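Engineer: Mind looking at a prediction? Sequence and model below.
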Amino acid sequence: MSQDLSSISASAEHRPLNSNDYKTLSLAALGGALEFYDFIIFVFLAAVVSQHFFPADIPEWLRQFQTYGIFAAGYLARPLGGIIMAHFGDLFGRKKMFNLSILLMALPTLLMGLLPTYDVVGVIAPVGLLILRILQGAAIGGEVPGAWVFVSEHVPTRRVGYACGTLTAGLTAGILLGSLVATALNTILTQAEILAWGWRIPFLLGGVFGLCAMMLRRWLEETPIFTEMKARKELVDGLPLKQVLGNSKAEVVISMLLTWLLSAAIVVVILMTPTYLQKQLAIAPTEALQANSLAIVTLTIGCIFFGWLSDRFSSGLIFIGGSLGLAVSAYVFYHGVVADPSLLPVLYPLVGFFVGIVGAVPYVMVNAFPPAIRFSGLSFSYNLAYAIFGGLTPMLVALWLKNEPMAPCYYVISLCCVGVAVGGWLLLQGRQEPAALAQAN
């Protein structure tokens with residue numbers, strides 16, 4: 001793995017963050033939050049969407065299954081979209097793909113809010129919904145790795161961890177925004193109004209938000225690293241992905257394992273647990289969602305904190321300590337709430353903070369690949385792993401729950417063991433030493 005971000009760029013200077021850096025971080029994080037809102041809002045409205053886009057006479061379980069199948073299609077489309085956009089991002093520029101990804105997300109989201117229902121156009125309705133969801137998946141596949149690469153190549157080397165953590169916090173804030181919009185919708189409108197027309201509002205808002213974010217991103221500049229590589233004619237020859245698979249196999253494996261940890265923490269603790277609390281522990285939906293919102297807030301803080309740590313300590317130490325913290329807090333949370341449900345507002349934010357270890361993941365990945373193939377290497381590893389593990393995790397946990405009430409807890413702890421193992425490997429290899437320590441040495 002590359003010890004530093006780049007040997008050819010002025011961004012490798014050990015300078016403080018300036019106004020342009022903060023502008024880049026702010027616009028990238030804002031765009032990421034709005035784009036992630038567009039991707040995730042579907043799951044908050046799945047129950048209502050299922051009633052509009054499938055026949056009324058099919059069993060409820062089948063309608064829900066088909067709806068979540070369309071939701072899952074977005075995950076399955078991530079690798080292809082991410083690989084294609086990363087390919088062109090390594091050849092023609094980060095900024096172009098960064099802007100394209102948000103356009104590909106905003107327009108499908110807007111169209112989802114305008115789609116005719118099954119009662120009006122029949123089978124065309126679910127097919128149209130599926131196509132739009134696939135476009136969303138392709139967009140998010142390019143957005144997340146593209147955003148990490150973009151901010152990491154703009155800021156000074158010794159601030160890359162903070163930049164990536166801040167960007168990741170922006171993505172998690174998109175989940176919070178989706179939760180808040182869904183909660184507001186259910187508070188302001190009656191269920192009849194939501195079913196009749198209100199369900200369209202979050203999609204229409206998402207489309208408008210995305211288009212606004214795209215306009216704001218016009219003020220961003222191409223990364224200094226890519227600009228200098230292009231000027232020196234040092235861009236990769238041929239297919240960037242071919243070089244990734246040929247020369248960076250170990251880096252791909254490590255990046256995929258860390259993505260597995262990331263997906264397990266986000267999908268299980270943040271996305272699945274509110275339903276788990278309601279169905280397994282009979283906790284009221286309002287209480288579960290309010291505690292979930294608090295957990296997302298602490299997760300956002302945790303992402304920035306662990307990203308900040310990445311600029312000061314070895315990544316190996318951070319993943320060993322952070323993974324152990326997540327394992328212990330997950331055990332305390334799930335067992336503690338079973339013993340005393342009144343502890344939910346305290347314990348959920350605690351485990352949410354340690355889920356913030358995901359904020360240190362992009363630091364490792366952007367350092368893993370050389371600049372010429374960085375976008376492709378990161379995108380391939382992240383999106384393939386997320387498509388596999390992000391898609392399989394809910395099914396694995398659901399099957400495990402049949403025989404083990406603490407399945408979410410033990411699944412997260414199992415992945416924390418993976419995080420500790422990766423951290424140990426990084427330490428043994430002497431990899432991922434932060435720029436601040438490297439300069440001191």
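Structural biologist: It's in.
Engineer: Which helix or strand contains Tyr162?
Structural biologist: Assigning secondary structure by DSSP states H and E places Tyr162 in helix 160-188.
Engineer: Now do the buried residues in that helix.
Structural biologist: 160-179, 181-183, 185-186 (16 or more other CB atoms under 10 Å). From N, CA and C alone the C-beta is placed, and that goes for glycine too.
Engineer: Stretch 303-319 now?
Structural biologist: So for stretch 303-319, counting by 16+ other CB under 10 Å, buried means 303-311, 313-316, 318-319.
Engineer: ditto for stretch 117-131
Structural biologist: Tyr118, Ala125, Pro126, Gly128, Leu129, Leu130.
Engineer: In helices, which of these appear?
Structural biologist: With helices defined by DSSP state H, the entries of the buried residues of stretch 117-131 inside them are Tyr118, Ala125, Pro126, Gly128, Leu129, Leu130.
Engineer: Can you tell me which of the residues you listed is closest to Ile283?
Structural biologist: Compare each of those with Ile283 using CB to CB and the shortest gap goes to Leu129, at 31.4 Å.
Engineer: sorry, back to before: just checking, what packs against the helix or strand that the helix holding Tyr162 is followed by?
Structural biologist: The element immediately downstream of helix 160-188 (helix or strand, assigned by DSSP H and E) is helix 191-193. Applying 3 or more CB pairs under 8 Å, 6 or more residues apart in numbering; DSSP states H and E, we find helix 191-193 packed against no helix or strand.
Engineer: ok now helix 191-193, how far from the chain's centre?
Structural biologist: With CA atoms, centre = their mean, to the nearest Å as the basis, helix 191-193 stands 31 Å off its chain's centre.
Engineer: What of stretch 198-208?
Structural biologist: 21 Å.
Engineer: how about the CA coordinates for it, as PDB?
Structural biologist: Included here for stretch 198-208 are C-alpha records, laid out as PDB according to Å, rounded to 0.1, in the frame of the first residue of the first chain:
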ATOM      1  CA  GLY A 198     -48.200  12.300   0.600                       C
ATOM      2  CA  TRP A 199     -45.800   9.400  -0.200                       C
ATOM      3  CA  ARG A 200     -44.600  11.300  -3.300                       C
ATOM      4  CA  ILE A 201     -43.400  14.300  -1.300                       C
ATOM      5  CA  PRO A 202     -40.100  12.800   0.100                       C
ATOM      6  CA  PHE A 203     -39.200  11.700  -3.400                       C
ATOM      7  CA  LEU A 204     -39.900  15.100  -5.000                       C
ATOM      8  CA  LEU A 205     -38.000  16.800  -2.200                       C
ATOM      9  CA  GLY A 206     -35.100  14.500  -2.800                       C
ATOM     10  CA  GLY A 207     -35.000  15.300  -6.500                       C
ATOM     11  CA  VAL A 208     -35.000  19.000  -5.800                       C
END
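Engineer: what's it in contact with?
Structural biologist: Contact with stretch 198-208 is made by 34, 37-38, 41, 44-45, 48-49, 52, 106-107, 109-114, 178, 181-182, 185, 189, as judged by CB atoms under 8 Å, 6 or more residues apart in numbering.
Engineer: Pull out the buried positions in it.
Structural biologist: Applying 16+ other CB under 10 Å to stretch 198-208 flags Gly198, Trp199, Arg200, Ile201, Pro202, Phe203, Leu205, Gly206, Gly207 as buried.
Engineer: So which of the residues you listed belong to helices?
Structural biologist: Counting by DSSP H, the buried residues of stretch 198-208 place Arg200, Ile201, Pro202, Phe203, Leu205, Gly206, Gly207 in helices.
Engineer: related to what we said a few turns ago, what helices and strands are in contact with the helix holding Tyr162?
Structural biologist: Checking 3+ CB pairs under 8 Å, 6+ apart, helix 160-188 ends up next to helix 19-44, helix 124-152, helix 200-216, helix 285-310, helix 361-368.
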